[in-house]
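Asks: test case, fold it:
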Amino acid sequence: MDNEKFIGREIRKTDNMLKRSHINSELHKKIQNITGTNGWIIGFLADNSDRDIFQKDIEEIFSLRRSTVSNMVQLMEKKGFITRESVDYDARLKKLVLTAKALEIHKAVLADVAENEKKLKNGISEEELKIFFDVIGKIQKNLETLTS
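Replies: Numbering: from 1, shown residues only. Below is the predicted model of the structure:
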């Protein structure tokens, strides 16, 4: 049993290695005051900058409660990552807009992700990557049946 490989153990081990790599990165040192969820929200707002995004959209997209998102938006505003701006078509609504500070962070994160992907793919052929993604997709599908 000691020599036997377990999928869950290998995924956990890999996840731990990825987290350690991230924690030791220069980017992490620069953006320590951003929580994971704040990062996802910044990324979502940046990816959808062509349309108005409101607090209710964040609630729905990330499956978060209204009070959680309200607190998060207030903190992100206080940290200088977002502003809330009125829209012409409904005085009650305030769209969420990224600040220059958040856009700069987003740009740095994208560059870091690209560099990490390059390192992770080093020495792995396109065929091996396809097999990897096929297998990980099947594992995820198997897990979905366990949790539903």
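Asks: C-terminal to the longest strand along the chain, what's the next element?
Replies: Using DSSP state E, we find that the single longest strand of the chain is strand 90-98. Proceeding C-terminally, strand 90-98 gives way to helix 100-121 as the next helix or strand, assigned by DSSP states H and E.
Asks: what comes up buried for that following helix?
Replies: Judged by neighbour count using 16 or more other CB atoms under 10 Å, the buried positions of helix 100-121 are 102, 105-106, 109, 112. For every residue, glycine as well, the C-beta is placed using N, CA and C.
Asks: ok, stretch 47-64 next?
Replies: Neighbour counts using 16+ other CB under 10 Å place 52-55, 57-59, 64 of stretch 47-64 among the buried residues.
Asks: where does the protein dip in pLDDT?
Replies: Residue ranges of the chain with pLDDT under 70: 1-2, 32-33, 148.
Asks: at the geometric centre of it, which residue sits there?
Replies: In the chain, the centroid-proximal residue (CA atoms, centre = their mean) is Trp40; its distance is 3.8 Å.
Asks: name the nearest residue to that residue, ignoring sequence neighbours.
Replies: Ranked by CB to CB, 6 or more residues apart in numbering and with sequence neighbours excluded, the top spatial neighbour of Trp40 is Phe62, at 6.9 Å.
Asks: from Lys56, how far off is the one you found?
Replies: The spacing between Phe62 and Lys56, counted by CB to CB, to the nearest Å, is 11 Å.
Asks: kindly report the same for Gly36.
Replies: Summarising the geometry, the distance separating Gly36 from Lys56, computed by CB to CB, is 21 Å.
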